[in-house]
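>>> Sharing a sequence plus its predicted fold:
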Amino acid sequence: MELVIGGFVSAVVEGAVAKAVAYLERNHDMPERTKELLRELEVRLTVVKAISEAADNRLITNANLVQWLRRLHAATQEAEDALDEFEVDEASITGKRKVSELIVSSLRSLKSLVVPDNSMERLEHVVKTLTHLCASSATFVELLKMDDSKANRQKEGITGEASSQLPIDIHVFGREEVTEFILKMIAGTASSDPAGSSSGTGKIRATMHNILVLPIVGMSGVGKTTLAQVIYNHPKVKEQFQRRAWVYVSEHFSIKRSLQEILSSFNKYKDMCLDSSDSMEATITKLRSKIRAGNRFFLVLDNVWTEMCQEWNTLLTVLSDDARQCGSVILVTTQSQRISRIVATVCPINLKALPWESFWPLFQYHAFWGVEASQQVNHNMLLMGEEIAKKLGGLPLAARIIGNLLRSTFSWDKWRRVAESDWWNFGDGLQGILPYLGDRVVQMWIAHDFIKSNGFRDGTRLEEVGGQCFDELVDRSLFQPTFVSNKYVMHDLVRCLAIAVSLHQCFLHGESSGGASSPAPQNIRHLALQTGSLEQCQELHKYKNLRTLLLFGRFEGDAFYSFLDSVLGNSPCLRVLDMSYVEAPVMGWPNDARGQRKLRFLDLSFTRIARLKDLPRNLQVLHLRGYDADHLPQGITKLNNLRHLYVDDSALSKIQGIGQLTELQELDSFIARKGLGFTIRELKNMRELTGRLCIRGIENVRSKEEAMEARLMDKKHLGALVIEGRKVPKFALEGLQPHPDIQELTIKFYQDQVFPQWVLQPGNLANLLHASLENCRFLSSLPPLGHLPLLKFLSLRKLPSIKHVDGVSFGGFPSLEQLEFQWVEKWEEWTEPKAAAEAHAHGSSLFLGRLKKLNLESCPLLRQFP
């Protein structure tokens with residue numbers, strides 16, 4: 001029997017109602033028929049919102065009710081599409097796109113807004129459909145009551161992919177013995193099986209390689225990855241192995257990619273730029289060189305699947321090339337007993353679910369803020385928590401996910417509903433998000449209008465709101481962080497829920513989808529195509545409601561672009577298109593893609609499409625990594641709504657007139673030049689810039705006034721600023737004063753003896769956390785950075801004219817934690833302030849009181865130091 005979870009329609013409805021109301025408020029002079037339809041739509045959507053709220057948090061099994069709710073949801077999304085069409089028409093007719101509100105108002109006073117016939121027809125159809133569905137709302141209420149009367153809720157089991165690597169979890173329950181057993185096995189002293197698992201005797205099998213391979217095998221959610229992480233970060237392992245690496249394998253295994261990730265992880269865990277163009281031989285050579293340079297290694301291969309077994313001997317041969325690596329260890333986690341038997345050189349650790357005496361404290365820790373805190377909780381809540389915990393089968397990850405969710409909704413009534421339905425509920429702000437999960441999720445959420453800024457203080461960006469929602473999902477373990485910065489994955493248990501609630505909204509068409517025998521539902525909204533065979537995709541062009549299209553694979557040129565042209569032509573509501581890394585012969589940009597007026601997110605990275613022209617004007621996010629400047633579209637600066645642009649630095653520096661992109665939020669590097677469209681004036685209206693901005697080419701700034709036109713003082717969202725050039729004159733730096741909220745400041749190649757006044761006055765940089773001065777060859781006195789109250793890191797490098805540092809003017813650094821002086825060859829003394837010296841004599845410290853790390857390098861004349 002089909003099941004559906006309520007609670008995901010209301011967010012869409014709320015957004016559609018808001019659009020209808022806003023459109024009416026903006027256009028008082030529209031035709032009366034249009035006003036009537038929009039008001040009627042608002043009324044119908046209000047009814048739909050009430051219905052969707054009634055369905056919230058319910059597991060519905062009545063087939064008729066399920067179908068009715070799906071039709072209602074589809075009609076609601078059609079209404080949203082129709083309203084989007086109105087907004088696009090409005091922008092086109094009035095010239096609203098990035099024109100001032102005064103001009104827009106003047107245009108409206110001259111003539112009424114005329115809505116195109118096709119938009120009116122679509123609106124009439126939507127209103128008619130919603131009117132028909134709302135007329136049967138009484139039947140819905142009765143069916144809902146009947147559905148609620150069922151005592152036993154059925155569950156639908158859905159298999160999914162394995163879990164990912166987890167960060168260190170110091171709160172591990174019930175795994176002490178197995179942890180100790182594995183540590184002894186690694187050391188070669190294990191003699192018996194640990195509790196909570198089963199294995200052989202730990203005896204090492206004969207092998208042609210000098211590496212111990214120990215698998216941890218068990219069902220999804222049993223804690224394999226967490227246990228591996230405990231071992232990986234154990235002090236004994238860190239002491240025994242100079243080189244450690246962690247690689248998340250996944251179902252889509254690549255031997256070359258895995259070897260590159262091992263190499264990167266061995267490199268002191270820095271995120272190396274992996275050169276995918278390296279041949280297999282080059283990758284192996286680099287890795288073997290890295291291994292030979294050190295001693296034995298410890299490697300975790302997390303989540304190994306069948307595909308890796310086919311390359312297992314190749315991997316071992318590469319890693320065991322040097323006989324000196326005897327004693328190296330590979331720890332493997334997998335769900336497959338067969339895989340564990342193939343790869344093991346010792347009998348595998350079969351990890352079991354936690355016994356109740358260990359699982360219950362773990363659940364209490366996550367649900368009640370700790371085991372001790374649970375003793376102070378209402379007795380009824382404790383009993384309800386125990387009832388829920390017993391349903392989770394001793395799976396540690398289930399305890400973590402469900403426990404965190406329950407803790408965020410700490411009420412007996414809500415817990416009771418969870419206990420009865422076997423599902424959990426979310427806050428209203430998250431209900432529109434869960435049905436769609438993907439890479440670059442926050443930007444895609446914004447493209448789909450899932451993120452609303454209502455209720456937040458003025459000036460809060462959609463990205464900030466989306467980031468808060470994402471952090472909440474991470475906090476609840478719905479997303480899990482990996483060792484790679486800003487990359488997250490989803491566990492099986494969460495994937496099951498996502499599939500259950502989005503079965504008729506999202507569809508993955510892959511190699512194993514079955515082609516025509518497993519077609520996507522007719523009203524599918526979000527489609528991922530993962531195949532290299534277009535024969536399996538012949539029916540996909542029929543789906544006309546697509547909002548998301550993600551393409552993965554390798555295709556033949558002519559056939560692929562013909563297919564893509566057809567799909568785009570039949571998808572007028574498309575908002576997200578990701579074709580990054582699609583391998584196909586170089587072709588022109590599909591004609592129908594240019595007419596995608598609602599497309600907001602486009603990723604064409606490394607596709608190298610020739611003749612890339614006329615991109616959709618409403619784009620918010622554009623990825624064009626791998627394109628040089630000659631292949632960037634000429635009209636890129638006309639994308640007035642663009643919030644995020646990702647291109648290579650070499651291409652970015654050659655975009656003429658980039659200052660027209662006033663909504664842009666990231667600009668990692670800007671090179672000031674003298675030509676039209678390249679001067680520092682381009683930064684003037686880019687007030688939304690955030691993160692880090694590096695301004696190069698300051699030698700091309702001709703006056704203080706020209707520098708001031710960059711208006712850095714207006715860029716309140718900017719977090720870090722780097723100013724550099726072959727020569728940075730004082731007049732230019734005077735005009736580049738940043739906003740007082742700047743947190744990181746770096747100045748390189750400054751050419752004067754003294755800094756401008758804005759650097760010398762601590763109040764201008766009161767929020768600075770990180771400061772760096774480098775290659776300032778004429779600088780004779782340091783600015784009073786020690787008076788900055790929040791400064792934690794200071795780097796002073798290559799300052800050949802500094803001889804004396806006065807502790808009184810330089811300051812006492814109340815918050816400084818890390819300080820480095822490098823290549824200050826003429827520096828002779830650094831005097832301590834008198835007050836600080838007196839305090840030091842009495843056993844207290846007013847000078848560098850919080851310093852944790854000091855680095856003095858190439859300061860040969862320094863003879864006095866506080």
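Ah, there it is.
>>> Is Arg554 in contact with Glu583, as I believe?
Yes. Between Arg554 and Glu583 there is a contact under Cβ atoms under 8 Å: 3.9 Å. Yep, even glycine has a C-beta here, placed from its N, CA and C like the rest.
>>> Let me know the helix or strand that the nearest residue to Thr334 once chain neighbours are set aside is in.
Distance criterion Cβ to Cβ, 6 or more residues apart in numbering; nearest residue to Thr334, sequence neighbours excluded, is Val304 at 4.4 Å. Secondary structure assignment for Val304, by DSSP states H and E: no helix or strand.
>>> number of nearby residues for Val304?
27 (other Cβ atoms under 10 Å).
>>> got a list of what it touches?
By Cβ atoms under 8 Å, 6 or more residues apart in numbering, the contact set of Val304 is 215, 249, 332-334, 336, 339, 343.
>>> right, and the helix or strand after the strand or helix carrying Val567?
Here Val567, judged by DSSP H and E, is contained in helix 557-569. Per DSSP H and E, helix 557-569 leads on to strand 576-578 as the next helix or strand towards the C-terminus.
>>> ok, that next one: who's next to it in the sheet?
Next to strand 576-578 in the sheet, as set by DSSP bridges, lie strand 548-552 (parallel), strand 601-603 (parallel).
>>> need the strands for the stretch 101-250 of the chain, in chain order.
197-198, 211-217, 243-248 (DSSP state E, counting those that start in this stretch).
>>> Please compute how far the last one lies from its chain's middle.
For strand 243-248, the distance between its averaged C-alpha position and the chain's averaged C-alpha position is 22 Å (Cα atoms, centre = their mean, to the nearest Å).
>>> Past that strand, which element shows up next along the chain?
Scanning onward from strand 243-248 (DSSP H and E), the first element met is helix 255-266.
>>> Looking at Pro235 now. What's its pLDDT?
Note on Pro235: pLDDT of 90.
>>> Tell me how far it lies from Phe298.
For Pro235, the distance to Phe298 equals 13 Å [Cβ to Cβ, to the nearest Å].
>>> Please identify which of those two sits among more neighbours.
Phe298 (22 against 7).
>>> surely Thr548 meets Met444?
Yes. In this structure, Thr548 is within contact of Met444 by Cβ under 8 Å, at 7.4 Å.
>>> What residues of stretch 710-724 count as buried?
When neighbours are counted by 16 or more other Cβ atoms under 10 Å, the buried residues of stretch 710-724 are found to be 710-715, 717-724.
>>> want to throw those into a markdown table with secondary structure and pLDDT?
Listed next are these as a markdown table, based on DSSP: H, G, I helix; E, B strand; the rest coil; pLDDT from 0 to 100:
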| residue | secondary structure | pLDDT |
| --- | --- | --- |
| Ala710 | coil | 97 |
| Arg711 | coil | 97 |
| Leu712 | helix | 97 |
| Met713 | helix | 96 |
| Asp714 | helix | 95 |
| Lys715 | coil | 96 |
| His717 | coil | 93 |
| Leu718 | strand | 96 |
| Gly719 | strand | 95 |
| Ala720 | strand | 97 |
| Leu721 | strand | 98 |
| Val722 | strand | 98 |
| Ile723 | strand | 98 |
| Glu724 | coil | 96 |
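>>> how long is stretch 622-638 end to end?
13 Å (Cα to Cα, to the nearest Å).
>>> quick one: contacts of that stretch?
580, 602-608, 610, 612-615, 617, 639, 642, 644-648, 650-651, 653-658, 660-661.
>>> now with 6 Å?
602-606, 612-613, 615, 645-647, 651, 654, 657, 660 (Cβ atoms under 6 Å, 6 or more residues apart in numbering).
>>> what ranges do the helices span in the stretch 401-550 of the chain?
Here the stretch 401-550 of the chain has its helices, by DSSP state H, counting those that start in this stretch, at 412-421, 441-447, 462-475, 492-502.
>>> just to revisit the earlier point, and of the contacts of Val304, the nearest to Ser801?
Ranked by distance to Ser801 (Cβ to Cβ), the contacts of Val304 are led by Val249 at 54.7 Å.
>>> In this structure the closest one contacts Val300, no?
No. If you go by Cβ atoms under 6 Å, Val249 and Val300 don't touch, sitting 9.9 Å apart.
>>> Can you pull out the low-pLDDT segments for the stretch 1-150 of the chain?
Along the stretch 1-150 of the chain, segments meeting pLDDT under 70 span 1-13, 15, 23-29, 54-61, 87-117, 137-150.
>>> try it again with 50
For the stretch 1-150 of the chain, the stretches with pLDDT under 50 are 1-7, 95-113, 150.
>>> all helices of it, in order?
Taking DSSP H, counting those that start in this stretch to define them, one finds helices in the stretch 1-150 of the chain at 10-26, 32-55, 63-94, 101-110, 117-135, 137-148.
>>> re the thing from before, who are the packing partners of the helix holding Val567?
Here helix 557-569 touches no other helix or strand, going by 3 or more Cβ pairs under 6 Å, 6 or more residues apart in numbering; DSSP states H and E.
>>> between that helix and strand 548-552, how big is the angle?
170 degrees (axes from the mean of the first three to the mean of the last three Cα atoms, to 10 degrees).
>>> What average pLDDT does helix 557-569 get?
The predicted model assigns helix 557-569 a mean pLDDT of 76.
>>> Any buried residues in it, and which?
560-561, 563-569.
>>> Now flag whichever of these is closest to Phe363.
Val567 (46.8 Å).
>>> how close does that closest one get to Leu546?
Distance check for Val567 against Leu546: by Cβ to Cβ, it reads 7 Å.
>>> and what of Val230?
In terms of Cβ to Cβ, Val230 sits 44 Å off from Leu546.
>>> Can you measure across stretch 551-563, start residue to end residue?
Taking Cα to Cα, stretch 551-563 runs 12 Å from one end to the other.
>>> Tell me how far it lies from the chain's centre.
With Cα atoms, centre = their mean as the basis, stretch 551-563 stands 28 Å off its chain's centre.
>>> which stretches of the stretch 551-700 of the chain form helices?
Using DSSP H, counting those that start in this stretch, the helices found in the stretch 551-700 of the chain span residues 557-569, 649-652.
>>> I'd like the contacts of Val304 as CSV, with distance to Gln743 and secondary structure appended.
Output for the contacts of Val304, formatted as CSV (distance: Cβ to Cβ, whole Å; DSSP: H, G, I helix; E, B strand; the rest coil):
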residue, distance to Gln743, secondary structure
Pro215, 46, strand
Val249, 38, coil
Val332, 42, strand
Thr333, 39, strand
Thr334, 44, strand
Ser336, 48, coil
Ile339, 47, helix
Val343, 47, helix
